[in-house]
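Participant: Coordinates for the following, if possible.
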Amino acid sequence: MRIALVSLAAVAAAAAATPALANEARVEAHGGVIWDGSDSEAVIGIGAGYDYDLGESTFVGIEGSADKILTDNTRVSWGIGGRAGFKVTPATKVYAAANWQSKYCRFCNSAVGVGGGVQQDIGQRYYVKAEYKHLLVGDNTPDADQGLVGVGVKF
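Facilitator: Next comes the predicted model:
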């Protein structure tokens, strides 16, 4: 079901793409750390998304991700969500983001992530980014925090 949702979002983004506009698709690799107050672990992943321009200085976007905590007894967590923000300069985006993420382990809970980040273009096609998310886990499970840095390519 999760794979189907991410696939559906990717197809919808591709179908809605309009070549005449400055909208952009993106694919990235990212890594960082996830912590919950008592423990921290490294995390790596990939992401893909599509940003829609709402004018010269604002945008909204959809995105999907697959992340893995680098420890035993964890699995890939699939995420789907969106972001909205401002173009501070033609090469710099600052945004707020929210997403839903599937379970990181068999007995874990899914989570809703809220946070933000900054994306900086390097040339015409490449970018780097830094992002923070607070993961609202629920069901009497402690919330977690996640800090990521990434590198990607735009289409």
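Participant: from here on, contacts and neighbour counts on C-alpha atoms
Facilitator: OK.
Participant: Which residues lie in contact with residue 81 in this structure?
Facilitator: Residues near residue 81 by CA atoms under 8 Å, 6 or more residues apart in numbering: 62, 63, 64, 97, 98, 99, 100.
Participant: Residue 70 now?
Facilitator: Taking CA under 8 Å, 6+ apart as the criterion, residue 70 is in contact with 41, 42, 43, 44.
Participant: closest to residue 31 among those?
Facilitator: Minimum distance to residue 31 across these is 4.1 Å, recorded for residue 44 (CA to CA).
Participant: Check the gap between that closest one and residue 154 for me.
Facilitator: The spacing between residue 44 and residue 154, counted by CA to CA, to the nearest Å, is 20 Å.
Participant: Ok, residue 141 next?
Facilitator: From residue 141 to residue 154 the distance is 37 Å (CA to CA).
Participant: what about the two, which has more around it?
Facilitator: Neighbour count, other CA atoms under 10 Å: between residue 141 and residue 154, residue 154 has more, with 17 against 11.
Participant: so where do the strands sit in the protein?
Facilitator: Using DSSP state E, the strands assigned to the chain run over residues 24-35, 40-53, 58-69, 77-89, 92-101, 111-122, 126-136, 144-154.
Participant: Please consider this matter closed, and thank you.
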